[in-house]
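Q: take a look and give me a structure for this.
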Amino acid sequence: MTVVADGEGNDLIECPLCGNQHDANELCACGYDPKLKEKNKSNYQAIHAVTATLDFVAGDKGRDINVEVGKEWGLDSDDVVQFISSADKRFMAKRKSHGVMKEDAMPHNTPKTFSRYLDKDLSFVDFVTGIMKLMKREAYEDRSTLSGGALVFIHYQVDLDDSSDGRLLIIMVNKKGVFDFNENLVPKKIPSVNLDALRQAVLIDLTLFKSSYPDNDGDPYLHFITGMSKSEFFKRALGCNPKIDNKRSIDQLLKAVDGFSNNLLLTTEQRIKVRESVKSFIDVKAKSLDKKMTVSDVGRIIEKCIPEMQNVTGRFEQYVDINEYTIDQYFEPHYTSSKPFGEIKISDDDDEYEVTCSVNTIGSSNKSDKKIIYDKANSRLIIRLTDSGITEIEKIIKGA
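A: So this is what the prediction gives:
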């Protein structure tokens with residue numbers, strides 16, 4: 001989170017949603033709540049940045065496309081790091097679609113170009129030139145409706161992790177009105193970031209790409225936001241295969257629900273109510289003809305569970321976006337998808353025992369009528385056995 005001083009001794013933060021500065025302890029005017037962010041990544045390092053342009057010109061056979069790749073930006077300016085930091089945070093705070101690169105056997109293809117760059121067989125300018133050839137090829141199919149623009153390629157590192165290959169952000173903007181480029185396509189001044197004004201944008205996790213492609217058996221590494229342009233040429237040029245993964249979305253949803261409950265400091269009773277209500281909603285969806293559900297749907301269910309809390313409308317959706325949970329825009333539950341929401345499964349590191357219990361059977365007070373008591377001070381579960389349970393235990397442990 002970018003923190004600045006207002007000159008009067010107060011800390012202001014830059015909102016990752018709208019870019020406005022506001023008090024670090026207050027909601028932004030746009031509704032962003034800084035307390036929802038679990039982890040602030042504040043260290044960014046620019047590695048490479050290049051601008052390319054894609055222009056439509058009159059050709060012998062009608063509308064043709066001209067591509068130009070500029071020179072590398074100078075990266076010694078604080079403005080560049082500030083731009084990357086702001087762009088990364090605002091991108092992550094937007095609702096995204098996710099995907100991977102499909103395997104491609106063509107001689108000149110996107111995955112091969114990425115791999116050659118990461119293997120240091122291509123310079124960054126040559127890498128961008130290769131990607132722009134693919135952009136040109138795909139844009140040609142949409143030439144009747146597509147407008148030209150400038151594409152900014154930025155390779156950067158987050159948290160200075162030497163083991164990571166970093167991230168690549170590609171944003172397409174109108175040539176006029178956002179950046180003011182010189183003759184080498186280097187911006188004369190780094191502007192503020194308005195993702196709502198972008199034509200297209202994609203963020204690629206290069207580490208995940210390198211470790212996952214071509215099997216693509218891990219998490220998605222392509223993350224798109226749809227800007228002012230609805231053309232699909234951007235995704236096609238990057239070889240995107242949308243990775244709609246219902247199981248991953250459900251697994252991530254459970255983590256997000258628990259994380260959100262913890263973030264709001266919900267009581268035990270509220271957390272159980274939230275879990276069980278989301279479980280019931282998933283059960284209904286799994287049995288219905290229209291199985292599609294969204295993060296917004298779940299957010300509304302949670303809001304109904306905690307009517308006593310203020311300012312929670314829309315906050316679950318915001319929490320999911322800014323904390324980078326990879327939940328698809330639409331996903332469909334299986335009839336067993338709700339099961340983890342209604343239970344807790346505990347095992348030891350040596351797999352010598354496993355306990356599975358319903359979330360509403362656990363309490364933390366010996367005075368509770370719950371069947372299972374969590375003794376936090378002694379790291380123990382106390383289970384109140386029924387006669388049948390006692391019988392099973394005493395087959396091994398002789399009773400007094």
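Q: helix or strand: which one has the residue nearest to the spatial centre of the chain?
A: Nearest residue to the geometric centre of the chain (Cα atoms, centre = their mean): residue 324, 3.1 Å. Using DSSP states H and E, residue 324 falls within no helix or strand.
Q: what does the one 3 residues further on give?
A: Under DSSP H and E, no helix or strand contains residue 327.
Q: can you pull the contacts of it?
A: Residue 327 is in contact with 249, 252-253, 256, 295, 320, counting by Cβ atoms under 8 Å, 6 or more residues apart in numbering. C-beta here means a position set from N, CA and C on the backbone, and glycine is covered the same way.
Q: could you do residue 116 as well?
A: With Cβ under 8 Å, 6+ apart, residue 116 has these contacts: 122, 127, 130.
Q: ok, the residue nearest to the last one when sequence neighbours are not counted to residue 153 distance?
A: Nearest residue to residue 130 in three dimensions, chain neighbours excluded: residue 113, at 4.3 Å (Cβ to Cβ, 6 or more residues apart in numbering). To residue 153, residue 113 is 12 Å away according to Cβ to Cβ, to the nearest Å.
Q: again, but for residue 164
A: 18 Å.
Q: which of these two has more neighbours?
A: residue 153 (23 against 15; other Cβ atoms under 10 Å).
Q: quick revisit: pLDDT on whichever helix or strand the residue nearest to residue 130 is part of, on average?
A: Residue 113 is part of helix 110-118, with elements assigned from DSSP H and E. For helix 110-118, mean pLDDT is 95.
Q: OK, contacts around residue 380?
A: residue 374.
Q: in the sheet, who's paired with it?
A: Beta-bridge pairing for residue 380 (DSSP bridges): residue 375.
Q: pop the domain breakdown of this structure in here.
A: 1-40, 42-242, 246-340, 343-393 (automatic domain parsing).
Q: these two touch, right, the residue nearest to residue 130 and residue 128?
A: No - counting by Cβ atoms under 8 Å, residue 113 does not reach residue 128; the two are 9.6 Å apart.
Q: in the chain, where is pLDDT below threshold?
A: In the prediction, the chain carries residues with pLDDT under 70 at positions 1-11, 16-19, 39-42, 59, 61-62, 144, 175-179, 191-197, 227-231, 399-400.
Q: if you count neighbours, what's buried in the longest strand anywhere in it?
A: Counting by DSSP state E, the longest strand found in the chain is strand 44-59. By neighbour count on 16 or more other Cβ atoms under 10 Å, the buried set for strand 44-59 is 44, 46, 48-54, 56.
Q: same check on stretch 326-336?
A: 326-329, 331-333.
Q: now the residue lying closest to residue 383 once chain neighbours are set aside: phi and psi?
A: Using Cβ to Cβ, 6+ apart and skipping residues adjacent in sequence, the residue nearest residue 383 is residue 372, 5.4 Å away. Phi and psi for residue 372, reported as degrees, to the nearest 10, are phi -130, psi 130.
Q: lovely, talk soon.
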